[in-house]
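Enquirer: have a look at this fold, sequence not included:
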């Protein structure tokens, strides 16, 4: 289980003589089980992506803790097998100097010997709907949807406990968004992974998430089961739901 | 190996690399190749035109220009190259540390750079020469001390562009070490900036060292050095302009070769700049979802 306990985060101006701190996250508490998809919904600047960076251990909170199965994610060793991520910008998600094969190999090299990795990469590419011949392509030779599929293949390569999906479909066409959401759903069922789905698109979140956290000004406004979405209480959540088209 | 193969495919890059290697070998083996003693003065041959015995002619003291050019490779190219590599390495290490770790580390490194860059290079060089004494070695030490800060600033700016990119975040998320991230993800993408900056500095360093030699702080006469040969020829540039041709053309060609090599290295390293391979055999693959599933 991924557990976030009383997390605060501020950013300040760097330097010896300045100390202008701006509080981004306030007292965040949340839990996500394996096999669950937890949506974090909020508008731009609400602190969702900051929370995302904390969840994958790229940054540390000022206060509080983030644990997976009772172990801190700020120990690199605990993070290795448990966390992976797919980001919004597919153009900057893969090292432009890496081929598809090298990109997918990166997490695999930490855990597995080089034997049979070629076959594993082929399997992963097929799983995300790409032909194995894509293995020698470079990111600039891929379309947005293809690049995002490669990122997903890379993310599932080590069968992590949790995957952070930080606006993972926001920069794709609507038709591709749906394909990627369906792919993510199918992979979650196959690997029994947990998803933290960060988005400003409540419609996409409603499609894939089991539970949603409504986020505003760095604080959790409300946590609600997706099937209970019409019964949100907070005014902000109601406003977000206003334009939701049900599937 | 992939980089070497890609570099080998580029004709201009290959030619530049071979040329630089050849020049360096000529410098290393100058005592065995040079036809005459580069210091031997023969006033009878003063300003003598090129001949079969003296292929590039003789200078104002009747010394063989070709032999002086060959011996001049060492201080002009080899030692400048070593000083450049050292200052780039120090600058790269400091720039990577500052740009990657940011925060107070960045603030400290950048303030040191500011202090180093606030001294004019000639002032600091004269100060170092005053302490350590004149000579090429001390001039090069002064250059390394001054230039690293300039490289560190440029490299830090370049690193900062890439450190926030998602693939770097991903590598950190999966538990890759900082050294691995810098070596595999940041160094290759910033290499083009480093290579271009370094190669463009090569020419200016050769000329700055010759300027210092001219002031009597670097190479001492009668030792040969390309920049100093150029300075000596300057006095007769209107009456004997041919004396400037050999060192001038040599500096231009060597600097050009370094620039071409750095361009080719960029292309060899960056797949986006390489010519695309034939992808005609690649057909769209059926995705895991069929149209019915998507419609549903």
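Expert: Great, that's in hand. Please read these numbers as outputs of a predicted model, since none were measured by experiment.

Enquirer: now do the longest helix belonging to chain A: distance to the chain's middle.
Expert: Identified as the longest helix of chain A according to DSSP state H is helix A:174-191. In terms of Cα atoms, centre = their mean, to the nearest Å, the centre of helix A:174-191 is set 13 Å apart from its chain centre.

Enquirer: now do the helices in chain A.
Expert: Using DSSP H, helices in chain A cover A:48-55, A:76-80, A:90-93, A:100-111, A:117-127, A:144-156, A:174-191, A:202-208, A:235-241.

Enquirer: need those helices in TSV (columns: distance to residue A:28 and mean neighbour count).
Expert: (Glycine included, C-beta is placed from N, CA and C.) Putting the helices of chain A into TSV (distance: least, Cβ to Cβ, whole Å; neighbours: other Cβ atoms under 10 Å in any protein chain shown) gives the following:
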stretch	distance to residue A:28	mean neighbour count
helix A:48-55	6	23
helix A:76-80	19	16
helix A:90-93	25	20
helix A:100-111	27	20
helix A:117-127	33	17
helix A:144-156	23	25
helix A:174-191	23	17
helix A:202-208	18	21
helix A:235-241	16	16
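
Enquirer: got those helices as CSV, with distance to chain B and mean pLDDT columns?
Expert: Formatted as CSV, these follow (distance: least, Cβ to the nearest Cβ, whole Å; pLDDT from 0 to 100):
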stretch, distance to chain B, mean pLDDT
helix A:48-55, 7, 91
helix A:76-80, 4, 80
helix A:90-93, 4, 86
helix A:100-111, 5, 87
helix A:117-127, 7, 88
helix A:144-156, 8, 90
helix A:174-191, 5, 86
helix A:202-208, 12, 88
helix A:235-241, 24, 79
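
Enquirer: and the residue nearest the centre of chain B, helix, strand or coil?
Expert: The residue lying closest to the centre of chain B (Cα atoms, centre = their mean) is residue B:199, at 3.7 Å. Classification of residue B:199 using DSSP: H, G, I helix; E, B strand; the rest coil returns helix.

Enquirer: just checking, what packs against the longest helix of chain A?
Expert: Judged by 3 or more Cβ pairs under 8 Å, 6 or more residues apart in numbering or on different chains; DSSP states H and E, the packing partners of helix A:174-191 are helix A:144-156, helix A:202-208, helix B:291-295.

Enquirer: out of these, which is closest to residue B:62?
Expert: Of all the helices and strands packed on helix A:174-191, helix A:144-156 sits nearest to residue B:62, with 68.4 Å by Cβ to Cβ.

Enquirer: now what about the closest one, what contacts it?
Expert: Helix A:144-156 has contacts (Cβ atoms under 8 Å, 6 or more residues apart in numbering or on different chains) with A:84-87, A:90-91, A:93-94, A:100, A:103-104, A:106-107, A:121, A:124-125, A:127-130, A:134, A:139, A:142, A:163, A:168-169, A:171-173, A:176, A:179-180, A:183-184, A:187, A:191, A:193, B:170.

Enquirer: switch the cut-off to 6 Å
Expert: Helix A:144-156 has contacts (Cβ atoms under 6 Å, 6 or more residues apart in numbering or on different chains) with A:84, A:86, A:90, A:93, A:100, A:103-104, A:124-125, A:128-130, A:139, A:163, A:172, A:176, A:180, A:187.

Enquirer: distance from the chain centre to it, please.
Expert: For helix A:144-156, the distance to the chain centre is 12 Å (Cα atoms, centre = their mean).

Enquirer: next: stretch A:201-221.
Expert: Offset of stretch A:201-221 from its chain centre (Cα atoms, centre = their mean): 13 Å.

Enquirer: same question for stretch A:40-48.
Expert: Centroid displacement of stretch A:40-48 relative to its chain, using Cα atoms, centre = their mean, is 13 Å.

Enquirer: circling back to that earlier point, can you tell me which of the helices of chain A comes nearest to residue A:65?
Expert: Among the helices of chain A, the nearest to residue A:65 by Cβ to Cβ is helix A:48-55 (10.3 Å).

Enquirer: quick one: contacts of that closest one?
Expert: With Cβ under 6 Å, 6+ apart as the criterion, helix A:48-55 contacts A:9, A:24-25, A:40, A:42, A:59, A:61, A:164, A:166, A:196, A:198, A:215.

Enquirer: quick one: the helices in the stretch 101-250 of chain B?
Expert: Along the stretch 101-250 of chain B, counting by DSSP state H, counting those that start in this stretch, helices occupy B:103-118, B:121-132, B:136-163, B:166-173, B:178-181, B:187-214, B:226-234, B:242-269.

Enquirer: those helices into CSV, with extra columns for mean pLDDT and distance to residue B:91?
Expert: Below are those laid out as CSV (pLDDT from 0 to 100; distance: least, Cβ to Cβ, whole Å):
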stretch, mean pLDDT, distance to residue B:91
helix B:103-118, 91, 9
helix B:121-132, 82, 15
helix B:136-163, 89, 3
helix B:166-173, 91, 21
helix B:178-181, 92, 18
helix B:187-214, 80, 9
helix B:226-234, 82, 23
helix B:242-269, 85, 16
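
Enquirer: could I get the ones you listed as a markdown table with distance to residue B:62?
Expert: Putting the helices of the stretch 101-250 of chain B into a markdown table (distance: least, Cβ to Cβ, whole Å) gives the following:
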| stretch | distance to residue B:62 |
| --- | --- |
| helix B:103-118 | 44 |
| helix B:121-132 | 31 |
| helix B:136-163 | 25 |
| helix B:166-173 | 62 |
| helix B:178-181 | 57 |
| helix B:187-214 | 21 |
| helix B:226-234 | 13 |
| helix B:242-269 | 12 |
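
Enquirer: tell me which of these is the most buried.
Expert: helix B:166-173 (a mean of 24; mean count of other Cβ atoms under 10 Å in any protein chain shown).

Enquirer: of the helices and strands packed on helix A:174-191, which approaches residue B:226 most closely?
Expert: Nearest of those to residue B:226, taken as Cβ to Cβ: helix A:144-156 at 49.9 Å.

Enquirer: now the angle between helix A:117-127 and the closest one, please.
Expert: Here helix A:144-156 points in a direction 130 degrees away from that of helix A:117-127 (axes from the mean of the first three to the mean of the last three Cα atoms, to 10 degrees).

Enquirer: who's in contact with residue A:158?
Expert: So residue A:158 contacts A:107, A:111 (Cβ under 6 Å, 6+ apart).

Enquirer: for residue A:189, see how far away it is.
Expert: The gap separating residue A:158 from residue A:189 is 18 Å, by Cβ to Cβ, to the nearest Å.

Enquirer: kindly report the same for residue A:217.
Expert: 35 Å.

Enquirer: chain A contacts on the stretch 51-200 of chain B?
Expert: By Cβ under 6 Å from any Cβ of the partner chain, the residues of the stretch 51-200 of chain B that approach chain A are B:103, B:107, B:165-167, B:169-170, B:172-175, B:185, B:188.

Enquirer: which of those sit farthest apart?
Expert: Once Cβ to Cβ is applied, those give B:107 and B:174 as the farthest pair, at 29.2 Å.

Enquirer: re the thing from before, so which of the helices of the stretch 101-250 of chain B gets nearest residue B:54?
Expert: Using Cβ to Cβ, these put helix B:242-269 closest to residue B:54, at 11.5 Å.

Enquirer: tilt between the longest helix of chain A and helix A:117-127?
Expert: If you take the same axes, to 10 degrees, helix A:174-191 sits at 130 degrees to helix A:117-127.

Enquirer: what's next to helix A:174-191, contact-wise?
Expert: Contacts to helix A:174-191, defined as Cβ under 6 Å, 6+ apart, come from residues A:145, A:148, A:156, A:159, A:169, A:207-208, B:289.

Enquirer: now do stretch B:75-95
Expert: With contact meaning Cβ under 6 Å, 6+ apart, stretch B:75-95 is reached by B:27, B:109, B:136, B:140, B:143-144, B:147-148, B:151-152, B:155-156, B:198, B:205-206, B:219, B:225-226.

Enquirer: nearest to residue B:69 among the residues of the stretch 51-200 of chain B next to chain A?
Expert: For these, the residue nearest residue B:69 by Cβ to Cβ is residue B:188; the value is 36.9 Å.

Enquirer: right, I'll call it a day here.
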